[in-house]
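Undergrad: how would this look folded up:
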Amino acid sequence: MNDQMLKVAIILGSTRPGRNGEAVSRWIYEIAKKRSDEPIPPSMGQYSKEHTKTWSTKIDSFDAYVLVTAEYNHGIPGALKNAIDFLFKEWNNKVAGFVGYGSAGGVRSVEQLRLVMAELKVATVRSQVQLSLFTDFENFTKFKPAPFQEKSANTMLDEVIDWGGALKALRTKKDLSRQ
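TA: Below is the predicted model:
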């Protein structure tokens with residue numbers, strides 16, 4: 001076993017006689033044994049899986065990001081958080097803007113993303129787009145943004161472009177000093 005490998009506990013939550021949980025626990029254990037996740041933390045930059053290397057190359061190729069996020073249970077959708085957490089240095093010294101949507105405009109999801117991105121050394125712009133399921137979607141499904149939302153989007157994009165240029169200059173300066 002690799003020293004970098006995580007130890008994962010599978011905790012059975014029932015003590016009842018004849019419980020079904022024991023069979024379920026054995027099933028999940030067998031699935032878990034077959035997995036081949038990245039064995040080293042992303043901050044080390046030592047990727048072994050092809051999907052991570054591909055994602056790394058893609059994210060590294062950009063200077064700025066606009067993250068479009070739903071709000072699930074007052075937070076970040078799991079798939080988005082997982083995609084972000086796969087990498088570290090590829091995000092550094094870049095900028096992100098946000099478009100949130102949900103019953104409260106996705107603001108809680110965006111606030112959590114701001115914290116996550118700060119840890120990855122990503123600057124975030126103040127302006128964000130907040131789309132409400134009540135006013136920007138017909139019957140909660142058909143996207144029909146209110147006219148003022150375009151102004152919000154342009155304000156956010158202007159900030160992303162300004163900060164993206166400044167941070168690109170910073171990255172270029174750092175790259176030149178390392179040569």
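
Undergrad: who's in contact with stretch 149-162?
TA: 64-66, 95-99, 125-131, 136 (Cβ atoms under 8 Å, 6 or more residues apart in numbering). C-beta coordinates here come from the backbone N, C-alpha and C atoms, glycine included.

Undergrad: Identify those among these that sit within strands.
TA: 64-66, 95-99, 125-131 (DSSP state E).

Undergrad: For PyMOL, write the selection for the buried entries among the contacts of stretch 149-162.
TA: Selection of the buried residues among the contacts of stretch 149-162 in PyMOL, burial being defined by 16 or more other Cβ atoms under 10 Å:
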select buried, resi 64+65+66+95+96+97+98+99+125+127+128+129+130+131+136
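
Undergrad: OK, contacts around Asp37?
TA: Lys49.

Undergrad: meant to ask about Gln46, not that
TA: Counted by Cβ under 8 Å, 6+ apart, Gln46 has contacts Ile40.

Undergrad: That one in helix, strand or coil?
TA: Secondary structure, DSSP: H, G, I helix; E, B strand; the rest coil: Gln46 is coil.

Undergrad: Need the pLDDT of it.
TA: Looking at Gln46, its pLDDT is 91.

Undergrad: where does the protein have its least confident helix or strand?
TA: Among the helices and strands of the chain, helix 21-34 carries the lowest confidence by mean pLDDT, DSSP states H and E, at a mean of 80.

Undergrad: Any figure for the gap between the closest residue to Leu131 other than its chain neighbours and Asn154?
TA: In space, and not counting its chain neighbours, Leu131 is closest to Tyr101: 3.8 Å by Cβ to Cβ, 6 or more residues apart in numbering. Tyr101 sits 17 Å away from Asn154, going by Cβ to Cβ, to the nearest Å.

Undergrad: next one: Phe134
TA: Relative to Asn154, and taking Cβ to Cβ, Phe134 is found at 23 Å.

Undergrad: pLDDT weak spots in this structure?
TA: Applying pLDDT under 70 to the chain flags residues 1-8, 14.

Undergrad: Strands of that one, start to end?
TA: Going by DSSP E, the chain shows strands at 64-70, 94-102, 122-132, 137-138, 142-143.
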